[in-house]
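>>> Okay, structure incoming, though there's no sequence with it:
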């Protein structure tokens, strides 16, 4: 085949892929309608601002972190925004110095405050703890003489924190996966690096049901010019148990991971098909990291995936970006809902004509709808927050988690209370007790439970009088009930 024929064939295949993407999107809409947009909000000022992470908070509102060039002390500052349940800004805070600072991940903590990770001064991985009003409690930095960034943080079962990112200060290669475990005050307990002699990074981390950790990112093997999705499992001390790599047709990157209801893992990212074409990539792995299936989604022409979460019906919600036609620089925020096997149920493209948008973070909300955070631009970038209604077609007949019920809410110290709940599907359940300061004081149950009705009795022997909270966590949902102990 001549060079001219090869070029023609490549262009021909690109056009075919483009029109197939359009056709698949159109066909999908015939069978399932995407949920309605309830509201959209943008935040920022006269310069560029971006949202990288969102979580619904205990009061039904939302917390978002990213970076801002409109406010703060430096060229970039870490940007933390709190909204009410309708997306109206309650307050915002900035963190950082006079250089480049950026936030990538935020989570509400047990005490009602917030924990963030990212970097400060462009070179130091940071961990920032705030109170419930966003006021800084402490800021810790980690790393060495190189460049070290944090991409993902989670509070751990012991009240401390686990961080995933990348480092050039430590490890075997140019960049290595970097995970750090701290205590509740942000003091480093240990760190680990993973990777080879080339480029490796960790983009997402979660504590697993066994107390260990699962990390997703990317690795460039020494014998390849193409990156691969990198999945790492460790024990509770960060020691490697196993790792897996998954290669795309050309190259692949892992951006988000979550342990699923069956004890396996779901990973979202991007796979590059050929020049100027890339697909959103979804991988389902079993509990040992072995690939069960993978799916690619092309969007309107090509797409990238940044965030995935399992939904209450056992399927998945994914956020990313889709470009209208290659090689467009600016695309549109892209949400995909799938069933448990990764088959697309619906998709939604957010933004408008002559604008650009990206979806960096998504989760299902307490009302079974969805919240997405990212960035939006018509002239400059702003933080973008979008609330969607529940997916009627999928969830009308979906069995619901029963609210946790108590046989009493006020009792004498030494008495017991019966906690009841119902599970429509086999689920990961955790029942934990916190005092008024947000300190974990007891774990009543943690593990996998079958479908049906369940009950746990809490005996309050040895507990002081006061106000306590029972937190019922099941898969991606949680609820809190108050208990008053009196003498």
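All right, it came through fine. Because the structure is a prediction, the values reported are computed rather than measured.
>>> bridging residues for residue 164?
When bridges are called by DSSP bridges, residue 164 pairs up with residue 152, residue 179.
>>> That one and residue 215 touch, don't they?
Yes - using C-beta atoms under 8 Å, residue 164 makes contact with residue 215 at a distance of 5.3 Å. (Each C-beta comes from the backbone N, C-alpha and C, glycine too.)
>>> Comparing those two, which shows the higher neighbour count?
residue 164 (30 against 27; other C-beta atoms under 10 Å).
>>> Give me the local confidence score for the more buried one.
On pLDDT, residue 164 comes in at 98.
>>> mind starting the numbering at 6 from now?
OK, 6 is where the count begins now, so the last one is residue 169.
>>> Any regions of this protein where pLDDT drops low?
Scanning the chain with the threshold set as pLDDT under 70 gives 6-37, 254, 279-281, 329-335, 358, 397-408, 429-430, 442, 480-483.
>>> check contacts around the nearest residue to residue 418 once chain neighbours are set aside.
Closest residue in space to residue 418, ignoring its immediate chain neighbours: residue 490 at 5.0 Å, by C-beta to C-beta, 6 or more residues apart in numbering. Residue 490 makes contact with 416, 417, 418, 465, 468, 469, 470, 471, 472, 473 under the criterion C-beta atoms under 8 Å, 6 or more residues apart in numbering.
>>> host element of residue 325?
Using DSSP states H and E, the element containing residue 325 is strand 321-328.
>>> Adjacent strands (with direction) for the next helix or strand after that strand?
Where DSSP H and E defines the elements, the next helix or strand beyond strand 321-328 is strand 337-343. Strand 337-343 has the following strand partners under DSSP bridges: strand 321-328 (antiparallel), strand 349-355 (antiparallel).
>>> Next, find the distance separating residue 54 from residue 77.
With distances taken as C-beta to C-beta, to the nearest Å, residue 54 is found 10 Å from residue 77.
>>> out of these two, which sits in the more crowded spot?
Counted by other C-beta under 10 Å, residue 54 and residue 77 do not tie: residue 54 has more neighbours, with 27 against 20.
>>> check contacts around residue 258.
By C-beta under 8 Å, 6+ apart, the contact set of residue 258 is 222, 223, 232, 234, 274, 275, 276, 286.
>>> what's the most distant pair in those?
222 and 276 (14.5 Å; C-beta to C-beta).
>>> Any idea how many residues pack against residue 268?
Neighbour count of residue 268, defined by other C-beta under 10 Å: 14.
>>> re the thing from before, could you look over the strands paired with strand 337-343 and pick the most buried one?
Highest mean neighbour count among these (mean count of other C-beta atoms under 10 Å): strand 321-328, with a mean of 27.
>>> now the helices: where do they sit in the chain?
For the chain, the helices defined by DSSP state H cover 8-36, 397-400.
>>> Show the end-to-end separation of stretch 422-437, please.
14 Å (C-alpha to C-alpha, to the nearest Å).
>>> Residue 46 touches residue 387, doesn't it?
No - the criterion here is C-beta under 8 Å, and residue 46 misses it with residue 387 at 9.4 Å.
>>> State the distance from the nearest residue to residue 336 once chain neighbours are set aside to residue 308.
Nearest residue to residue 336, sequence neighbours excluded (C-beta to C-beta, 6+ apart): residue 328, at 3.9 Å. Plainly put, residue 328 is 8 Å away from residue 308 if you go by C-beta to C-beta.
>>> again with residue 153
30 Å.
>>> Also residue 125?
For residue 125, the distance to residue 308 equals 32 Å [C-beta to C-beta].
>>> what's the answer for residue 345, then?
21 Å.
>>> cool, residue 55 as well?
Using C-beta to C-beta, we find residue 55 at a distance of 19 Å from residue 308.
>>> hang on, isn't residue 491 packed against residue 414?
No - applying C-beta under 8 Å, one finds residue 491 not in contact with residue 414, separated by 11.5 Å.
>>> could you list every residue that touches the nearest residue to residue 206 once chain neighbours are set aside?
Spatially, and ignoring its direct neighbours in sequence, residue 206 is nearest to residue 171 (3.8 Å; C-beta to C-beta, 6+ apart). Contact partners of residue 171, counting by C-beta under 8 Å, 6+ apart, are 153, 154, 156, 180, 181, 182, 183, 205, 206, 207, 222.
>>> and if you look at residue 267?
Counted by C-beta under 8 Å, 6+ apart, residue 267 has contacts 292, 431.
>>> ditto for the one 10 residues further on
Contacts were defined as C-beta under 8 Å, 6+ apart; by that measure residue 277 touches 231, 253, 254, 255, 256, 257, 283.
>>> Just the buried ones among those, please.
Buried subset of those (neighbour count, 16 or more other C-beta atoms under 10 Å): 253, 256, 257, 283.
>>> do you know how far the residue lying closest to the last one once chain neighbours are set aside is from residue 446?
In space, and not counting its chain neighbours, residue 283 is closest to residue 277: 4.6 Å by C-beta to C-beta, 6+ apart. From residue 277 over to residue 446 the distance is 49 Å, taken as C-beta to C-beta.
>>> what residues are up against residue 241?
Applying C-beta under 8 Å, 6+ apart, we find residue 241 in contact with 215, 216, 217, 218.
>>> Ok, residue 116 next?
136, 137, 442, 443, 444.
>>> Would you check how far apart the first one and residue 162 are?
For residue 136, the distance to residue 162 (C-beta to C-beta) stands at 22 Å.
>>> Please verify my assumption that residue 159 contacts residue 211.
Yes - counting by C-beta under 8 Å, residue 159 touches residue 211, with 6.0 Å between them.
>>> Buried residues of stretch 96-105, list them for me.
In stretch 96-105, counting by 16+ other C-beta under 10 Å, buried: 97, 98, 99, 100, 101, 105.
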